[in-house]
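Undergrad: Fold the following for me, if possible:
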Amino acid sequence: MAGTSLWQVVPDRVKQLKRVVKRRAKLREADVVVVSYPKCGRTWLAAMISHVYHQKYGVPENRLIRFDNFHQANREIPKIFFTHNSQRFKPKARLAPLDHFRSKKVIPLVRDPRDVVVSLYFHYTKRYLPKNAPGLLQPRYGDADELFDYAMSRLPKVVAFLNDWSRNLDSVDRALLVRYEDLREDPVGQLSRIMSFIGGAFAPEQIENAAEFASFENLREKERRHFFDSGRLHPRDDRDAGSFKVRCGKVGGYRDHFTAEQVERLDAVVADLLVVDLGYGPPRSPAAASGDPVTAPAVSRATMGHA
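TA: Have a look, this model is predicted:
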């Protein structure tokens, strides 16, 4: 590693290993696991779930659920672990094999991978300080062509994540697929479905209030005011709209950043590589996408939604 001494690398690796060990311990103890690729709406979902529990059990309104913090306040609240199931997004450093999730209630939270890569770009250029992410690919500030280059390089990795989970979800006993797009279209209906899966009795008005509390407009205003006690929902720069955690959230918003030809190329990557029908384009067979023999049928959207 040019320019990096062994004395710098070893402490970083030790810290990384400690983080993985802690995450695996949380996975073992969790009642519910929400797994997603970065920038798929997990903080938004956490805000909705947190407000449901605020209304029912009186946990602080300005606090987000983080594993067992709500459980410590009230044992009726389950331990919910939010994870990307990866470390620096490298498959070989995955948090845990999929069979570690077998006995858990698992909520795969997915989003159109083209929207994900655009959101990632703004996250890394507007919010995330490079010093906090050694080794991560850091896109540079730049024009649409630079954004497009980043999107094309990252998009296959996001699709691979979706394919990996879709191929292996049958190893999980209880799973509920949630699409970001469905949450945007029907937050009350989807949140009701999620809370029913997690478990517990909640009044319809509690679900409705939570969805309204965490609406895009309300959540963005709360972020602007630093309402939450978690820095996860604070802007890096109050004057820069792009540095907000709640930045855009528009379904299909990736098209606003590219030319028609660039959109066509991004769409082609998804059509060529995605093997499961998530509503993001026509899927190909697993063999066609990977070049490997097909050992199991592609998981359908309905199958992934089994509870």
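Undergrad: Going along the chain, name the strands of this protein.
TA: 32-36, 80-83, 105-110, 174-175, 178-179 (DSSP state E).
Undergrad: In CSV: these, plus distance to R265 and mean neighbour count.
TA: The way it works is simple: take the backbone N, C-alpha and C, and place the C-beta from them, glycine included. Shown next, in CSV, are the strands of the chain (distance: least, Cβ to Cβ, whole Å; neighbours: other Cβ atoms under 10 Å):
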stretch, distance to R265, mean neighbour count
strand 32-36, 25, 23
strand 80-83, 31, 22
strand 105-110, 22, 24
strand 174-175, 33, 20
strand 178-179, 24, 24
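Undergrad: Let me have these in CSV, adding distance to A151 and mean pLDDT as columns.
TA: Output for the strands of the chain, formatted as CSV (distance: least, Cβ to Cβ, whole Å; pLDDT from 0 to 100):
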stretch, distance to A151, mean pLDDT
strand 32-36, 19, 94
strand 80-83, 24, 92
strand 105-110, 18, 94
strand 174-175, 29, 92
strand 178-179, 20, 96
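Undergrad: closest one to L273 among the ones you listed?
TA: Nearest of those to L273, taken as Cβ to Cβ: strand 105-110 at 14.6 Å.
Undergrad: by how many degrees do that closest one and strand 32-36 diverge?
TA: Counting by axes from the mean of the first three to the mean of the last three Cα atoms, to 10 degrees, strand 105-110 lies at 20 degrees to strand 32-36.
Undergrad: picking that back up, tell me which of the strands of the chain lies nearest to S50.
TA: Smallest distance to S50 across the strands of the chain (Cβ to Cβ): 9.6 Å, for strand 80-83.
Undergrad: As a markdown table, the strands of the chain with distance to L273 would be great.
TA: Below are the strands of the chain laid out as a markdown table (distance: least, Cβ to Cβ, whole Å):
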| stretch | distance to L273 |
| --- | --- |
| strand 32-36 | 18 |
| strand 80-83 | 23 |
| strand 105-110 | 15 |
| strand 174-175 | 22 |
| strand 178-179 | 18 |
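Undergrad: looking at those strands, which is closest to E261?
TA: strand 105-110 (26.7 Å).
Undergrad: Just checking: what are the partner strands of that closest one?
TA: strand 32-36 (parallel), strand 174-175 (parallel), strand 178-179 (parallel) (DSSP bridges).
Undergrad: Kindly reformat those as CSV containing distance to R66.
TA: Shown next, in CSV, are the strands paired with strand 105-110 (distance: least, Cβ to Cβ, whole Å):
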stretch, distance to R66
strand 32-36, 12
strand 174-175, 22
strand 178-179, 19
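Undergrad: Run through the stretch 1-150 of the chain and note the low-pLDDT ranges.
TA: 1-13, 16, 86-99, 126-144 (pLDDT under 70).
Undergrad: would you list every one of the helices in it?
TA: Assigned helices in the stretch 1-150 of the chain, in chain order: 6-29, 42-57, 69-73, 113-122, 144-168 (criterion: DSSP state H, counting those that start in this stretch).
Undergrad: out of those, deepest packed?
TA: helix 113-122 (a mean of 25; mean count of other Cβ atoms under 10 Å).
Undergrad: what's that helix packed up against?
TA: helix 144-168, helix 260-273 (3 or more Cβ pairs under 8 Å, 6 or more residues apart in numbering; DSSP states H and E).
Undergrad: Least confident of those helices, on average?
TA: Confidence, taken as mean pLDDT, is least for helix 144-168 of the helices and strands packed on helix 113-122 (a mean of 88).
Undergrad: quick one: it to helix 260-273, angle?
TA: 20 degrees.
Undergrad: Quick one: list the elements packing against helix 144-168.
TA: The contact analysis (3+ Cβ pairs under 8 Å, 6+ apart) places helix 144-168 against helix 113-122, helix 260-273, helix 286-290.
Undergrad: Adding distance to F82, write these out as JSON lines.
TA: Shown next, in JSON lines, are the helices and strands packed on helix 144-168 (distance: least, Cβ to Cβ, whole Å):
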{"stretch": "helix 113-122", "distance to F82": "16"}
{"stretch": "helix 260-273", "distance to F82": "25"}
{"stretch": "helix 286-290", "distance to F82": "28"}
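Undergrad: Out of those, which gets nearest to I207?
TA: Across these, the minimum distance to I207, taken as Cβ to Cβ, is reached by helix 113-122, at 25.3 Å.
Undergrad: Tell me if I'm right that P60 and H54 touch.
TA: Yes. The criterion here is Cβ atoms under 8 Å, and P60 meets it with H54 at 7.1 Å.
Undergrad: about what we covered before: out of the helices and strands packed on helix 144-168, which is closest to S36?
TA: S36 lies closest, by Cβ to Cβ, to one member of those: helix 113-122, at 9.4 Å.
Undergrad: so where's the stretch 151-300 of the chain uncertain?
TA: 231-248, 282-300.
Undergrad: picking that back up, point out the one among the helices of the stretch 1-150 of the chain that comes closest to F81.
TA: From the helices of the stretch 1-150 of the chain, taking Cβ to Cβ, the stretch that ends up closest is helix 6-29, at 5.0 Å.
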